[in-house]
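> from the sequence below, what's the structure:
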Amino acid sequence: MKIEFDVRELLPLFEPLLAALRPRRRQRAQILMARTAYAEALAALSSREPEFAVFLLGPRGHPAVTHVVPDTTGEGTPASFRIGAPRLNEVLAKFAPLGLDGKGFWHTHPPDCERLSEGDLTYARRLLANPKNDAHEILMPVLSGGLVFPYVVRRDRPTRAVAAELVLF
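So this is what the prediction gives:
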């Protein structure tokens, strides 16, 4: 018995396997932000000396940032910043009924400090370790020397800041 076939007939059978073996480009982390929120954040952050922060808020279940609220009770020095926890809880309680939740914090650093500090990462790790926080990432852009450096800290790697792309809409 002789079986004849065209090899191309086998391709549909092997295509899922071939697709799984192809190297995939990992999509770069993104921070999606409304232009209005971006403008508000820049105005608030630029009006104060480092270190200062704004809370980033957006629709629950969606990664976009649509609102910012200055952290008026946080404690900042030229080299460090501590979020005002009572103020953060007040902001979250106020915006939760509107369908908004916390996405992260945008804060200022002195010029030439373009990366998240160890203190920033320690704070992010504490937030991600809190059982009340179900976020899989915390948005943590930095404003330094008039330039924006967007970062994300993810639950699966809380010791590392991931450089992100800031996408305005």
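> quick check: the nearest residue in space to Pro63 that is not next to it in sequence vs Thr72, distance?
Distances taken as Cβ to Cβ, 6 or more residues apart in numbering put Leu32 closest to Pro63, at 5.5 Å, once the chain neighbours are dropped. Any C-beta I mention is one placed from the backbone N, CA and C, and that applies to glycine too. When Cβ to Cβ, to the nearest Å is applied, the distance between Leu32 and Thr72 equals 26 Å.
> neighbour-wise, which of those two wins?
Here Leu32 and Thr72 are compared on neighbour count by other Cβ atoms under 10 Å; more neighbours surround Leu32, at 18 against 12.
> got the contact list for that one?
Pro63, Ala64, Val65, Val167, Phe169 (Cβ atoms under 8 Å, 6 or more residues apart in numbering).
> who wins for neighbours among the residues you listed?
Among the contacts of Leu32, Val65 has more neighbours than the rest - 28 neighbours, counting by other Cβ under 10 Å.
> verify the stated contact: that one with Leu57.
Yes - taking contact to mean Cβ atoms under 8 Å, the distance of 6.9 Å between Val65 and Leu57 places them in contact.
> for the strand or helix carrying Val69, packing partners?
Per DSSP states H and E: Val69 is located in strand 67-70. Other elements packing on strand 67-70 under the criterion 3 or more Cβ pairs under 8 Å, 6 or more residues apart in numbering; DSSP states H and E are helix 35-46, strand 53-59, helix 85-95.
> ranking these by mean pLDDT, which is last?
Taking the mean pLDDT of each of those, the lowest value is held by helix 85-95, a mean of 87.
> what about it, distance to the chain center?
The gap between where helix 85-95 is centred and where its chain is centred comes out at 19 Å by Cα atoms, centre = their mean, to the nearest Å.
> okay, the angle between it and strand 53-59?
For helix 85-95 against strand 53-59, the angle by axes from the mean of the first three to the mean of the last three Cα atoms, to 10 degrees is 20 degrees.
> so after helix 85-95, what's the next helix or strand?
Helices and strands here follow DSSP H and E; after helix 85-95, the next one along the chain is strand 100-109.
> now the helix or strand following that following strand - C-alpha only, PDB.
Taking DSSP H and E as the definition, the helix or strand that follows strand 100-109 towards the C-terminus is helix 118-129. Listed next in PDB are the C-alpha coordinates belonging to helix 118-129 (Å, rounded to 0.1, in the frame of the first residue of the first chain):
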ATOM      1  CA  GLU A 118      15.100  51.200  47.800                       C
ATOM      2  CA  GLY A 119      12.600  53.100  50.100                       C
ATOM      3  CA  ASP A 120      10.100  53.300  47.200                       C
ATOM      4  CA  LEU A 121      10.400  49.600  46.500                       C
ATOM      5  CA  THR A 122      10.100  48.700  50.200                       C
ATOM      6  CA  TYR A 123       6.800  50.700  50.300                       C
ATOM      7  CA  ALA A 124       5.600  49.000  47.200                       C
ATOM      8  CA  ARG A 125       6.400  45.500  48.600                       C
ATOM      9  CA  ARG A 126       4.500  46.400  51.800                       C
ATOM     10  CA  LEU A 127       1.500  47.500  49.800                       C
ATOM     11  CA  LEU A 128       1.500  44.300  47.600                       C
ATOM     12  CA  ALA A 129       1.900  42.100  50.700                       C
END
